[in-house]
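*Asks:* this is a predicted model, with the sequence first.
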Amino acid sequence: MAPKATKRAASQAPKEVRIPKVKKANPMLDSLIETVDAAMDLPDAVKAMLIAVIPGSFLTPSAERHESQAAAVRMVGEVVEARRAKLKQDLDFEQARVDGADKEKAELEAAMAVAESSLTDADTVVEAKRLSLNAVAEAMAEKQKELSEAESAQREGNVEFEARQHEKEHFETAFEKHFKALRDGPGEVVEGTADTNNQHYDLLLPLVSKIGLDESLLTALPSSAAKVPSARGPFDHMVIQQLEQSLSEHIARLREAVEAAAPAAEERSAAVEVAKTALAEVRVAETAAEGELTLARTAREEMSERVTTAKEAVDKFLIDSKSFSKVRDEKEKAFRNFEQYDLECYAVLRDKSRDVSIAKDIAMSPAKPAAVEVAGA
């Protein structure tokens, strides 16, 4: 009976529970799998095949791999190298954009400097044209003053000259029209002849009083003048002759005075014309100076607009170019991380000849954050 009890006790003993081993994650294999999975130029079937053979191929020591595993390692290496080349291509492209941006920035800043220099030159030209116009305006005022003075001198100097000339013309007209008619008569004695003579005498009388006739002659003149030539006696003829002589001498004196004063009057007139010509020339110069100033100001406004446009272009470029540098930095970080971690993972798993501690360090250490820091430095 005892043995049976022992057998029963043995049969009732609890069975040993086997806990399945959990494979530890291998970050280096994950790096290769991620690289293959991210390959854009591989068909999905090829990517699935490579991902499936990666663990067996790369975890097998390099010396123990059979031909299919070695081929798989080489194929994954080609994918890794292609991935590295693509990251380098992306980095080079963004670096070229940054380099081009620096060149463009220099060109924009140079254009702005040229525009600012042109604006400074335009300001100088405007100021010179303004001063030139002011000088012309001062000359205009001076020429206007000279013309006013010349015209004033002409008016004042011509008062006596014009009076003498007017008096001469008045005496000459009276002599020809009234004295000769009084002296010669109508030719025939007709009714009303005496009245006609009296009319001529009355028109001559205001002039006769100015020529300084003798008092006795003035007394006898009305009677002699009223008679027709055929009715005059010797005394009457003497009176008329004396009147003619006095009138002729007075007209001669007036002519001499007018002729003597004429050169001075002509000089005054010439001075006025010279002043008018000079003023006209200055007015032409003023018009030209005003036009030049207007053109200079227009050119200056254009230069100012160019400066504004150039500054706006530089400011806009500085804002836009910040994104170029940011993208370049991101591409560089990705490239450095890939070289320092993913590419190194592939090399360690491919060769299996390096120090195992190195492989462990790469597999277990947070390599990507470290690579980020290196790339950032």
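*Replies:* Cool, got the structure. Numbering: from 1, shown residues only.
*Asks:* just for the stretch 101-250 of the chain, where's the confidence low?
*Replies:* Low-confidence segments of the stretch 101-250 of the chain (pLDDT under 70): 186-195.
*Asks:* mind doing that once more with 50?
*Replies:* Confidence mapping of the stretch 101-250 of the chain against pLDDT under 50 gives the ranges 189-192.
*Asks:* try the stretch 251-377 of the chain
*Replies:* Counting by pLDDT under 50, the ranges of the stretch 251-377 of the chain that qualify are 354-367, 369-377.
*Asks:* go again using 70 as the cut-off
*Replies:* Applying pLDDT under 70 to the stretch 251-377 of the chain flags residues 353-377.
*Asks:* where exactly do the helices run in it?
*Replies:* 343-351, 356-364, 367-376 (DSSP state H, counting those that start in this stretch).
*Asks:* ok, now which ones touch the residue positioned nearest the centre of the chain?
*Replies:* Centroid-nearest residue in the chain: Glu302, 1.7 Å away (criterion: Cα atoms, centre = their mean). By Cβ atoms under 8 Å, 6 or more residues apart in numbering, the contact set of Glu302 is empty. Yep, even glycine has a C-beta here, placed from its N, CA and C like the rest.
*Asks:* quick check: Gln241 vs Gln69, distance?
*Replies:* In this view, Gln241 and Gln69 are 164 Å apart by Cβ to Cβ, to the nearest Å.
*Asks:* between the helix or strand harbouring Glu81 and helix 343-351, how many degrees?
*Replies:* Following DSSP states H and E, one finds Glu81 within helix 67-174. Angle between the axes of helix 67-174 and helix 343-351 is 160 degrees (criterion: axes from the mean of the first three to the mean of the last three Cα atoms, to 10 degrees).
*Asks:* packing partners for helix 67-174?
*Replies:* If you count contacts as 3 or more Cβ pairs under 8 Å, 6 or more residues apart in numbering; DSSP states H and E, helix 67-174 packs onto helix 27-37, helix 44-59, helix 193-208, helix 234-337, helix 343-351.
*Asks:* helix or strand right after that helix?
*Replies:* Going down the chain from helix 67-174, the next helix or strand is helix 180-184, by DSSP H and E.
*Asks:* my read: Ala264 touches Glu160, true?
*Replies:* No - between Ala264 and Glu160 there is no contact under Cβ atoms under 8 Å: 10.1 Å.
*Asks:* any chance of the helices and strands packed on helix 67-174 in JSON lines, with distance to Asp90 too?
*Replies:* Below are the helices and strands packed on helix 67-174 laid out as JSON lines (distance: least, Cβ to Cβ, whole Å):
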{"stretch": "helix 27-37", "distance to Asp90": "15"}
{"stretch": "helix 44-59", "distance to Asp90": "21"}
{"stretch": "helix 193-208", "distance to Asp90": "120"}
{"stretch": "helix 234-337", "distance to Asp90": "5"}
{"stretch": "helix 343-351", "distance to Asp90": "16"}
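*Asks:* of all those, which one is nearest Val114?
*Replies:* Proximity to Val114 (Cβ to Cβ) singles out helix 234-337 among the helices and strands packed on helix 67-174, at 8.2 Å.
*Asks:* chain center to the closest one: distance?
*Replies:* The chain centroid and the centroid of helix 234-337 are separated by 24 Å, computed with Cα atoms, centre = their mean, to the nearest Å.
*Asks:* next, count neighbours for Pro55.
*Replies:* For Pro55, the neighbour count with other Cβ atoms under 10 Å is 14.
*Asks:* skipping adjacent residues, who's closest to it in space?
*Replies:* Excluding its sequence neighbours, the residue lying closest to Pro55 (Cβ to Cβ, 6 or more residues apart in numbering) is Leu29, at 5.9 Å.
*Asks:* got the contact list for that neighbour?
*Replies:* Applying Cβ under 8 Å, 6+ apart to Leu29 gives the contacts 54-55, 58-59, 349.
*Asks:* for my notes, please list these in a markdown table and give distance to Leu221 for each entry.
*Replies:* A markdown table is the format used below for those (distance: Cβ to Cβ, whole Å):
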| residue | distance to Leu221 |
| --- | --- |
| Ile54 | 157 |
| Pro55 | 161 |
| Phe58 | 159 |
| Leu59 | 163 |
| Leu349 | 157 |
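*Asks:* neighbours of Glu127, how many?
*Replies:* 13.
*Asks:* ok, it to Arg300 distance?
*Replies:* To Arg300, Glu127 is 10 Å away according to Cβ to Cβ.
*Asks:* swap in Glu172?
*Replies:* 68 Å.
*Asks:* again, but for Lys143
*Replies:* Lys143 sits 30 Å away from Arg300, going by Cβ to Cβ.
*Asks:* how about His200?
*Replies:* Going from His200 to Arg300 by Cβ to Cβ gives 80 Å.
*Asks:* repeat that for Leu217.
*Replies:* Leu217 is 86 Å from Arg300, where distance means Cβ to Cβ.
*Asks:* so those two - more neighbours on which side?
*Replies:* Shown here are Leu217 and Arg300; by other Cβ under 10 Å, Arg300 has more neighbours (20 against 15).
*Asks:* which residue comes closest to the more buried one once chain neighbours are left out?
*Replies:* Arg300 sits nearest to Ala122 (Cβ to Cβ, 6+ apart), 3.9 Å away.
*Asks:* which residues touch that neighbour?
*Replies:* For Ala122, the contact set (Cβ under 8 Å, 6+ apart) comprises 296, 299-300, 303-304.
*Asks:* what's the answer for Leu349, then?
*Replies:* Residues counted as contacts of Leu349 (Cβ under 8 Å, 6+ apart) are 28-29, 32, 58-59, 359.
*Asks:* out of those, who's nearest Cys345?
*Replies:* If you rank those by distance to Cys345 using Cβ to Cβ, Met28 comes first, at 4.0 Å.
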